[in-house]
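Trainee: Could you work out the structure for the sequence below:
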Amino acid sequence: MDPSVRQTVQQIHDSSLQASVVLSGAGTNAASWLLGVAGASRTVLELVVPYSESALTDYLHFEPGQFASRDTTQALARAAYARGFRLAGSSEKVVGVSCTAAIASDRPKRGDHRCHVGIWDSGSWRTLSLTLEKGLRDRAGEDAVVSRLILSAMAESAGVAGVPDLALSDSERVVREEVRYPDALAALLAGHVGSATFRPDGGSNSDSRHVGGVLPGSFDPWHDGHKKLAFAASDILGAPVIYELSITNVDKPRLAEDAMLRRIAQFAGSDTVAVTSAHLFADKAELFPGCTFVIGWDTASRLVDPAYYDGDHAAMILALDRIQSFGCHFLVAGRLQGSAFKTLDDVQVPKRFVDVFAAVPESAFRADISSTELRPAERAS
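Mentor: Here you go, the predicted model:
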């Protein structure tokens with residue numbers, strides 16, 4: 001291994017960067033370098049090589065229009081980031097690293113010899129594209145250039161300077177595309193991340209991992225009943241409870257930005273709220289694996305009612321199964337329905353999911369007023 005390459009890899013390993021890496025078509029040297037220097041386990045969360053078209057399609061969960069392309073590389077980087085986030089349990093220094101390439105092989109290629117390297121993190125994405133001069137190098141030589149470009153991209157994310165030279169010819173140049181988001185909310189609204197979490201101290205971050213309870217709602221307005229339920233749930237779980245506001249709803253248009261900012265502002269200085277675009281609990285579960293969702297009787301009833309899945313009982317089972325696969329549970333609070341106080345005992349939970357649901361005792365929490373009832377009074381005041 002070239003000493004300058006070894007030094008760069010060692011500096012990457014000594015940084016706080018954690019990478020989920022996916023390589024297709026080239027980059028074997030980069031894989032060898034990353035794993036061949038002590039400390040790889042601190043950096044490499046996983047290194048996947050979906051070499052065949054079917055393997056690449058399986059990794060992405062869709063078939064790309066072109067396998068060695070900027071768009072496919074970007075999609076791979078995004079998928080790698082999502083996997084890295086799940087594996088690391090945090091997004092703070094996780095990056096998805098990807099490469100697609102078409103380089104010299106045992107048969108002539110009509111198209112360009114090229115590579116695309118992608119980086120995706122919680123606040124930005126970038127792609128580095130390079131068209132190689134045909135006939136200048138053999139396959140090993142082209143792979144070495146691609147691998148150095150991968151290493152250079154990772155070094156930049158890790159804050160490492162002085163990376164090895166790519167040794168390009170006069171006709172070769174790296175084309176860079178990049179988008180950086182100013183804050184977590186901008187990244188969420190652009191669809192770049194799954195959540196933006198706002199803390200009581202005014203700080204925010206993207207794709208923050210939470211351990212404990214999550215109380216979803218529209219919070220229009222956030223009221224004393226929400227607070228008391230969160231307190232009771234936290235006491236039952238022995239863990240903190242945060243709030244979750246989804247900007248999308250199955251039955252309503254996307255929440256307008258001014259309304260969203262107004263609802264977020266309610267929590268300033270008091271509690272933590274995670275803003276997401278996940279209106280289905282199966283999607284929320286993917287964002288908050290291992291958490292317990294704190295919900296009301298009415299929401300629990302909808303979760304296990306096939307009518308809310310277009311009458312498809314199998315779809316209901318699949319949704320609950322997906323929620324369970326992420327290690328999530330539900331803590332169900334009773335609610336007044338007409339003159340009757342309904343609890344988890346009134347919910348027809350399928351037997352295989354009984355252990356996924358638990359009740360908030362009426363003695364621990366009961367609030368017979370809702371946001372809908374409070375809204376007119378608040379707006380009149």
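Trainee: Contacts made by stretch 283-290 with the rest, please.
Mentor: Identification of contacts with stretch 283-290 by C-beta atoms under 8 Å, 6 or more residues apart in numbering yields 86, 194-195, 207, 210-211, 214, 216, 244, 246, 274, 276, 278, 291, 293, 322-323, 325-328. (C-beta placed from N, C-alpha, C; glycine too.)
Trainee: pLDDT weak spots in this protein?
Mentor: Under the criterion pLDDT under 70, the flagged ranges of the chain are 90-91, 251, 368-381.
Trainee: before we move on, the earlier item: which of the contacts of stretch 283-290 fall within strands?
Mentor: Secondary structure from DSSP state E places 195, 214, 216, 244, 246, 274, 276, 293 of these in strands.
Trainee: closest to residue 359 among the residues you listed?
Mentor: residue 293 (13.6 Å; C-beta to C-beta).
Trainee: before we move on, the earlier item: now list the buried members of the contacts of stretch 283-290.
Mentor: Those of these that meet the buried threshold are 194-195, 207, 210, 214, 216, 244, 246, 274, 276, 278, 291, 293, 322-323, 326, 328, by 16 or more other C-beta atoms under 10 Å.
Trainee: So residue 236 sits against residue 359, correct?
Mentor: No. In this structure, residue 236 is not within contact of residue 359 by C-beta atoms under 8 Å, at 9.5 Å.
Trainee: okay, and the common contacts of the two?
Mentor: Shared contacts of residue 236 and residue 359, counting by C-beta under 8 Å, 6+ apart, come down to residue 331.
Trainee: Residue 147 is in contact with residue 27, isn't it?
Mentor: Yes. In this structure, residue 147 is within contact of residue 27 by C-beta under 8 Å, at 5.4 Å.
Trainee: Neighbour count for those two, which is higher?
Mentor: residue 27 (30 against 26; other C-beta atoms under 10 Å).
Trainee: Assign the closest residue to that one other than its chain neighbours to helix, strand or coil.
Mentor: Excluding its sequence neighbours, the residue lying closest to residue 27 (C-beta to C-beta, 6 or more residues apart in numbering) is residue 99, at 4.6 Å. Secondary structure of residue 99, reduced to three states by DSSP: H, G, I helix; E, B strand; the rest coil: strand.
Trainee: Just list whatever residues bridge to residue 99.
Mentor: residue 23, residue 117 (DSSP bridges).
Trainee: any idea how far residue 224 is from the closest residue in space to residue 78 that isn't next to it in sequence?
Mentor: Take residue 78 and drop its neighbours on the chain: the residue closest to it by C-beta to C-beta, 6+ apart is residue 120, 5.0 Å away. Noted for residue 120: a distance of 41 Å to residue 224, by C-beta to C-beta, to the nearest Å.
Trainee: Helices of the protein, start to end?
Mentor: Counting by DSSP state H, residue ranges of the helices within the chain are 3-14, 28-36, 40-43, 53-60, 70-88, 139-158, 184-189, 224-237, 257-265, 281-287, 297-303, 313-325, 371-380.
Trainee: Which one, of those helices, ends up nearest to residue 335?
Mentor: helix 297-303 (4.5 Å).
Trainee: buried ones in that closest one?
Mentor: 297, 299, 300, 301, 303.
Trainee: The residue found closest to the fourth one once you drop the neighbours it is linked to in the chain: what's it in contact with?
Mentor: In other words, residue 301. In space, and not counting its chain neighbours, residue 301 is closest to residue 347: 5.4 Å by C-beta to C-beta, 6+ apart. With contact taken as C-beta under 8 Å, 6+ apart, residue 347 is in contact with 297, 300, 301, 304, 332, 357.
Trainee: Which parts of stretch 92-100 count as buried, going by neighbours?
Mentor: Residues 93, 94, 95, 96, 97, 98, 99, 100 are the ones in stretch 92-100 that count as buried (16+ other C-beta under 10 Å).
Trainee: Check stretch 346-364 too.
Mentor: 347, 349, 353, 356, 357, 359, 360, 364.
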